[in-house]
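>>> Provide a 3D model corresponding to the input given below.
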Amino acid sequence: MDQQRTRPKIHPLSIVAAIVFALLLIGVAYLIFLEQAGRAQPVQTTPQYQVTLLPAPTETATLSPTSVLATPTLADVSILPPDVVAVGRYIKVVGTQGLGLRMRAEAGTSSEVNFLALDEEAFRIIGGPVAKDGYTWWQCEALLDKTRTGWAAENYMQVLELSTPQP
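The predicted model follows:
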């Protein structure tokens, strides 16, 4: 007699239990994922720094005698060599290496800075000279904006040669 091979049968409740167990494992994994995703992860950004610019130290104001040099008159200017700074001459700012020339409210290194004049910027000399703090100071006025005036050290000035075209 042929023995009929019988296959073991899987009970239907075992299949249902396996499916429920698999769903339970997936649910637990999902909850763990949500918990970790809910935690604040540090945001990767480029660090940004806050920079505070501090002005360069200036000398403490002291009461020292100021010597006023003789101001050349317009008649004197015509006889001065063309490279000499004088009232009425036009100058340009030079030698600041891009840092600018501090145009001050009064002659002297301890005076308040009105604005910075850039290299190659042109001005007209309207006052001075005043010898103070080891510099000769001249009062300058911007060519296009008469409100931009200030005192500057002669060391950073170059006289502009102006020529009148001949017809």
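>>> Quick one: neighbours of Pro81, just the number.
Counted by other CB atoms under 10 Å, the residues lying close to Pro81 total 7. The way it works is simple: take the backbone N, C-alpha and C, and place the C-beta from them, glycine included.
>>> now swap in Arg148 and tell me
Arg148 has 16 neighbours, counted by other CB under 10 Å.
>>> what do you get for Pro129?
Neighbourhood size, Pro129 [other CB under 10 Å]: 22.
>>> Okay, it and Arg102: tell me how far apart.
17 Å (CB to CB, to the nearest Å).
>>> Glu121 now?
Here Glu121 is placed at a distance of 13 Å from Arg102 (CB to CB).
>>> Need the phi and psi values for the residue nearest to the spatial centre of the chain.
Central residue of the chain (CA atoms, centre = their mean): Leu53, 8.4 Å from the mean position. Backbone torsions of Leu53, given as degrees, to the nearest 10, read phi -90, psi 130.
>>> What of Ile126?
In terms of degrees, to the nearest 10, the main-chain angles of Ile126 are phi -120, psi -10.
>>> before we move on, what about Met103?
Taking degrees, to the nearest 10 as the convention, Met103 sits at phi -90, psi 110.
>>> Specify the beta-bridge partners of it.
As for beta bridges, Met103 partners with Phe115 under DSSP bridges.
>>> Looking at Glu121 and Arg102, which one has more neighbours?
The neighbour comparison of Glu121 against Arg102 (other CB under 10 Å) goes to Arg102, with 22 against 18.
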